[in-house]
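**Q** Starting from these lines, generate the structure:
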Amino acid sequence: MAKKITAYFKKEPEPTICGLARELGLVRQSLLNYEGDPKFHQMIRDAKQRIEAEVEKKLLYGDGRPTGAIFWLKANGGWTETQHIELTGAGGGPIETRSEVQRKIKLIQEARDRFSSE
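**A** Numbers count the residues shown, from 1 in each chain. Presented below is the predicted three-dimensional model:
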């Protein structure tokens, strides 16, 4: 398998996981399953990292169409995109939450207190 992987990278200027799998006579998922086998884990991991490096190079230095590379890196390379959202209340203070029911209960209690004190 190692010889076939090496040969694939020598002949293929734009390697892909599916292309590598096909070269090995496998389907993509079978190739990925081999990564779980201790005999093949390092070999498959190294091949995937070579492909990931190629995709990353295209993203950073490529032809200006990053969408496909970004998708590939998220789906296959374990890359993630995160957002940090901070919510605050008025003036940057804590968020105040009051439900409509709580507001009505307070109004009823205040009305009751006014009538009972009269």
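**Q** Not counting its neighbours along the chain, what's nearest the residue nearest the centre of the chain?
**A** What sits nearest the mean C-alpha location of the chain, by C-alpha atoms, centre = their mean, is Thr80, with 3.4 Å. Distances taken as C-beta to C-beta, 6 or more residues apart in numbering place Lys74 nearest to Thr80, at 6.8 Å, with adjacent residues excluded. Quick note: C-beta positions are derived from backbone N, CA and C, even for glycine.
**Q** again, but for Tyr34
**A** Phe40 (4.4 Å).
**Q** If I look at that neighbour, what pLDDT would I see?
**A** Looking at Phe40, its pLDDT stands at 94.
**Q** What are the phi and psi values at it?
**A** phi -110, psi -10 (degrees, to the nearest 10).
**Q** do the same with Asp37
**A** Given degrees, to the nearest 10, the pair of backbone angles that Asp37 has is phi -90, psi 120.
**Q** Show me where the chain has its helices.
**A** All helices of the chain, identified by DSSP state H, fall at 2-11, 17-23, 28-34, 41-61, 66-76, 100-116.
**Q** which intervals of the chain have sub-threshold pLDDT?
**A** 64, 98, 100-101, 118 (pLDDT under 70).
**Q** Can you name the residues that contact Leu73?
**A** With contact set as C-beta atoms under 8 Å, 6 or more residues apart in numbering, Leu73 has these partners: 52, 55-56, 59, 79.
**Q** I should have written Lys48 there, sorry.
**A** 17, 35, 76.
**Q** Kindly report the same for Thr16.
**A** Ile51 are the contacts of Thr16 under C-beta under 8 Å, 6+ apart.
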